[in-house]
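Q: can't give you the sequence, but here's the structure:
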């Protein structure tokens, strides 16, 4: 029996070890499954290099929306080169099984969710994690990409080390210049989803959407358990009309997380760049931080108790996100000053 005949049989009874894709990749074992696809550990046939392969479920292989999501995920991540973002290598459709697939680096390690089942992260370990992940998400936002499904399940710890954390699963991501392939329907995990993903605030999906979910992830890491944002449809909405109680979180972390968890995305007046800068610079300082200005230099001004650029429009989605400033970028010292005032 030929390899193609073996692959065809396996596609009918289910993919398993030995299944080949386009003669380039081979499946070793199934490691996960979800609502749209299955994930397998495999290897490149020529080199033997380990890989992860995400394959669309057979019943969805003809669904143009689902296939579009997979192709979009590959196109988005092909442009990424960040240590905190999973590296994608190839995508295609195997003619024998008729199912699209994505090939990415194989990350050997547990998810952050699995690690947190053992208990919360130590404060300094958590800060290191937050800086790394925020830096990766900032890189995504710089490309105009919003992940929309930030959760502890979608962070993998390579080798079990928090220092090697990587964000995965951009399958429901969207660019800021195009509509989501889900046509506005909710996609994501309810425990980490933002209010606007549930239809509040005009369903305005922006970089602030990832800010909210990342705030919930931060509480999950510091507490060991996620904030309970689930329930009935009414309860799910009501829990997002106010900032969750995080009075048990470390006092130095509380102000920034409360800012990130503001129900209205227009009130989440912090960017992923701000968050990454604050955590990374604090970790890397070997001496006391140098003095920084208490007010932003011109052309920026203080207005109504909030820092915002003068003569610049303030959008509902991102009041003073760095990406909105087409002609000027706030100096690092100003950004650090603003976030330092929040976090002490």
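A: Nice, thanks for sending it over. Predicted, not measured: the structure shown is a model, and the values here were computed from it.
Q: which residues touch residue 125?
A: Each residue near residue 125 by CB atoms under 8 Å, 6 or more residues apart in numbering is listed here: residue 162. In short, each C-beta sits where N, CA and C put it, glycine included.
Q: which parts of the stretch 151-300 of the chain are helices?
A: 207-223, 233-238, 254-260, 272-284 (DSSP state H, counting those that start in this stretch).
Q: got the angle between the longest one and helix 272-284?
A: To tie it back to what came earlier, the one meant is helix 207-223. Helix 207-223 runs at 30 degrees relative to helix 272-284, counting by axes from the mean of the first three to the mean of the last three CA atoms, to 10 degrees.
Q: still on that earlier bit, from the helices of the stretch 151-300 of the chain, which stretch is densest packed?
A: Highest mean neighbour count of the helices of the stretch 151-300 of the chain: helix 207-223, a mean of 25 (counted as mean count of other CB atoms under 10 Å).
Q: for it, what is the distance to the chain centroid?
A: In this view, helix 207-223 has its centroid 10 Å away from the chain centroid, taken as CA atoms, centre = their mean, to the nearest Å.
Q: if we can go back for a sec, let me know which of the helices of the stretch 151-300 of the chain is the nearest to residue 86.
A: Residue 86 sits nearest to helix 207-223 of all those, at 16.0 Å, using CB to CB.
Q: name the helices or strands packed onto that closest one?
A: Other helices and strands packing on helix 207-223, by 3 or more CB pairs under 8 Å, 6 or more residues apart in numbering; DSSP states H and E, are helix 112-116, helix 123-142, strand 145-146, helix 254-260, helix 272-284.
Q: now the fourth one, how far from the centre of its chain.
A: This means helix 254-260. Averaging C-alpha positions (CA atoms, centre = their mean) puts helix 254-260 18 Å from its chain's average.
Q: please point out the stretch among the helices of the stretch 151-300 of the chain with the lowest average pLDDT.
A: Ranked by mean pLDDT, those bottom out at helix 272-284, with a mean of 81.
Q: quick one: that one to chain centroid distance?
A: Remark: helix 272-284 is offset 17 Å from the chain centroid, using CA atoms, centre = their mean.
Q: just to revisit the earlier point, just send the helices and strands packed on helix 207-223 back as JSON lines, with distance to residue 70 too.
A: Formatted as JSON lines, these follow (distance: least, CB to CB, whole Å):
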{"stretch": "helix 112-116", "distance to residue 70": "23"}
{"stretch": "helix 123-142", "distance to residue 70": "18"}
{"stretch": "strand 145-146", "distance to residue 70": "16"}
{"stretch": "helix 254-260", "distance to residue 70": "30"}
{"stretch": "helix 272-284", "distance to residue 70": "25"}
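Q: walk me through the domains of this structure.
A: Domain assignment of the chain by automatic domain parsing yields the ranges 3-105, 112-343.
Q: lowest average confidence across these, which one?
A: For the domains of the chain, mean pLDDT drops lowest on domain 112-343, to a mean of 75.
Q: which parts of stretch 132-140 are buried?
A: 132-140 (16 or more other CB atoms under 10 Å).
Q: tabulate those residues (TSV), appending distance to residue 61.
A: Output for the buried residues of stretch 132-140, formatted as TSV (distance: CB to CB, whole Å):
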residue	distance to residue 61
132	35
133	32
134	36
135	36
136	30
137	31
138	35
139	31
140	28
